[in-house]
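Visitor: need the 3D shape of this:
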Amino acid sequence: MGMEFDIAKHESEIIKVQDTEYRGRRLVDIRVYYLNKTTRDWYPSRKGISINMAFLDQVVVALRQLAAEEENRDREGTAE
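Guide: So this is what the prediction gives:
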């Protein structure tokens, strides 16, 4: 384990993508973390999902298709 990526949502929230293990299963956890203003530490929120690594390729394909569709919408919107 150990790979971890942080995506800034805004100054008090990040989206953390990390590989984890739970009950012997390898997972990808995508979760919103919030900043505790008193301690300045990041804490996980309930907003998120854990995906079994067995489904990761399918999820990546779906996300790429969504990104391509969004890119097409953006292009069509600017062409008008």
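Visitor: counting neighbours, what do you get for Asp27?
Guide: Check again: residue 27 is Leu, not Asp. By other C-beta atoms under 10 Å, the residues close to Leu27 number 20. For the C-beta atoms, the positions are set from N, CA and C on the backbone; glycine is no exception.
Visitor: give me the distance between the spatially most central residue of the chain and Glu4.
Guide: Per C-alpha atoms, centre = their mean, the C-alpha nearest to the average position across the chain is that of Ile30, at 4.1 Å. Going from Ile30 to Glu4 by C-beta to C-beta, to the nearest Å gives 11 Å.
Visitor: give the residues shared as contacts by those two.
Guide: Lys16, Val17 (C-beta atoms under 8 Å, 6 or more residues apart in numbering).
Visitor: sheet partners, orientation included, of the helix or strand containing Leu27?
Guide: Assigned by DSSP states H and E, Leu27 belongs to strand 25-35. Strand pairing for strand 25-35, determined by DSSP bridges: strand 13-22 (antiparallel), strand 42-52 (antiparallel).
Visitor: and for the shortest one, what are the contacting residues?
Guide: Strand 13-22 has contacts (C-beta under 8 Å, 6+ apart) with 1-9, 26-35, 42, 44-45, 50, 53.
Visitor: report the distance from that strand to the chain centre.
Guide: 7 Å (C-alpha atoms, centre = their mean, to the nearest Å).
Visitor: deepest of the strands paired with strand 25-35, which one?
Guide: Mean neighbours per residue, mean count of other C-beta atoms under 10 Å, is largest over the strands paired with strand 25-35 for strand 13-22, with a mean of 15.
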